[in-house]
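Colleague: Please find the sequence and the predicted model below.
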Amino acid sequence: MSTQRATAPSAEGLAAGTVVGSAEYHLDRGCLVRYAGASGDFNEIHYRDDIAAAVGLPGVLAHGMLTMGIAVQPVVEWLGDPARLLSYQVRFTRPVVVDPADGARLSVEAVVGAVDVGVREARIDLTVRAAGQAVLGKAQVRVKLA
């Protein structure tokens, strides 16, 4: 079953400041293990509390690329077609600590930063938070519109 929209969002009528998506995602240690298997990143700071503590971390950390991948999901859902993503950049500003019992909750809000009707593209700015603090900075997605 495809989740693609029949038509992509249109450049006309889209304005800076428009919220195009928001979501919350729960991460638990199982997510980290599955991501490690899929990515091949088996760094022990992503699943062992003792190792994380030994290197001075506040706890087991979510993989940065996992956080980045989750953060773009509201934009992908809004577009209806991941092929409309032209570029995606972030600056990692704070690690996502995944508690052994409670996990971690990521909140994402996607807002139009700029629209270029002439080339039918937009910049979508992401605000990504965990534990009430921003974990990605300058998170921007450039997208192709209809």
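Modeller: The structure has been received and is ready for your questions.
Colleague: Can you show me the strands along this protein?
Modeller: Secondary structure of the chain (DSSP state E): strands at 19-27, 85-92, 104-116, 121-130, 133-144.
Colleague: Tell me the confidence at the residue nearest the centre of the chain?
Modeller: Most central in the chain under Cα atoms, centre = their mean is Ala71, positioned 1.1 Å from the mean C-alpha point. pLDDT, Ala71: 98.
Colleague: List the contacts of it.
Modeller: Neighbouring residues of Ala71 by Cβ atoms under 8 Å, 6 or more residues apart in numbering: Val90, Leu106, Val108, Leu126, Val128, Leu136, Ala139. Where C-beta positions appear, they are placed from N, C-alpha and C, glycine not excepted.
Colleague: May I ask which two of the residues you listed are separated the most?
Modeller: The span of these, defined through Cβ to Cβ, is set by Val90 and Leu106 at 12.7 Å.
Colleague: Spit out the residues that contact these two alike.
Modeller: Residues touching both Val90 and Leu106 by Cβ under 8 Å, 6+ apart: Ala71, Val128.
Colleague: What ranges in this protein fall below the confidence cut-off?
Modeller: The chain contains residues with pLDDT under 70 at 1-6.
Colleague: most distant residue from the middle of it?
Modeller: Most distant residue from the mean C-alpha position of the chain: Ala54, 28.2 Å away (Cα atoms, centre = their mean).
Colleague: so how far is Ile45 from that residue?
Modeller: Per Cβ to Cβ, to the nearest Å, Ala54 is found 9 Å from Ile45.
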